[in-house]
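[1] need a structure here:
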Amino acid sequence: MNAPTLALAQELIRRDSVTPRDSGCCELIANRLSPLGFSTEFLRFGEVTNLWAVREGGAPGPTLVLAGHTDVVPPGPLDQWKHGPFSANIDNDLLYGRGASDECKSGNWDPHTNCHRQVPGGSGSCTAIGNRH
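    I've put the predicted structure just below:
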């Protein structure tokens, strides 16, 4: 994982986004996508915040849509964690925390922020769903 991707993953993991709380995850992702030319829209459904981001391509072409979620399940008993569930600690080159090992908060957002490079001339869209669990 490269340094910017790792920093983003750690920032997301440190946010206690147990369903249905977003804890600012969608805003963080939107702030990363906006400077890359994405228009962003927050969609609220009840207590849940979702993000829809679109970057229009410069020429006709396919649209790539990437989806991920920002919520996590409750961590359970904290005394059973080697590192805190929202610590984002690195130990022996492993990243620890809730969401570190799935598409939730780890490397999934690097492709999202780079999807404008993955479809030259086409459009890219991403969604961050705040209530998968």
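[2] Show me the strands in this protein, by range?
    Taking DSSP state E as the test, the strands found in the chain are 39-45, 48-55, 63-69, 90-91, 94-95, 123-129.
[3] Out of the ones you listed, which one sits most buried?
    Compared across those, strand 123-129 shows the largest average neighbour count, a mean of 22 (mean count of other CB atoms under 10 Å). (Glycine included, C-beta is placed from N, CA and C.)
[4] just the angle between that one and strand 48-55, please?
    Angle of strand 123-129 versus strand 48-55, following axes from the mean of the first three to the mean of the last three CA atoms, to 10 degrees, is 170 degrees.
[5] Identify the neighbouring strands of strand 123-129 in the sheet and state each direction.
    strand 48-55 (antiparallel), strand 63-69 (parallel) (DSSP bridges).
[6] For those strands, could you give me CSV that also reports mean pLDDT?
    Below are those laid out as CSV (pLDDT from 0 to 100):
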stretch, mean pLDDT
strand 48-55, 89
strand 63-69, 81
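[7] Redo those strands as CSV? Include distance to residue 100.
    Putting the strands paired with strand 123-129 into CSV (distance: least, CB to CB, whole Å) gives the following:
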stretch, distance to residue 100
strand 48-55, 20
strand 63-69, 14
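[8] could I get the strands of the chain as CSV with distance to residue 3?
    Putting the strands of the chain into CSV (distance: least, CB to CB, whole Å) gives the following:
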stretch, distance to residue 3
strand 39-45, 24
strand 48-55, 23
strand 63-69, 20
strand 90-91, 12
strand 94-95, 13
strand 123-129, 21
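[9] re the thing from before, residue 91 is nearest to which of the strands paired with strand 123-129?
    The minimum distance between residue 91 and the strands paired with strand 123-129 falls on strand 63-69, with 24.6 Å, by CB to CB.
[10] I figured residue 78 was touching residue 98, is that so?
    No - with contact defined as CB atoms under 8 Å, residue 78 does not count as touching residue 98 (11.2 Å).
[11] Quick check, pLDDT for the residue lying closest to residue 23 once chain neighbours are set aside.
    Of all residues not flanking residue 23 in the chain, residue 15 sits nearest, at 3.9 Å (CB to CB, 6 or more residues apart in numbering). You'll see residue 15 listed with a pLDDT of 95.
[12] I'm done for today, thanks for sticking with me.
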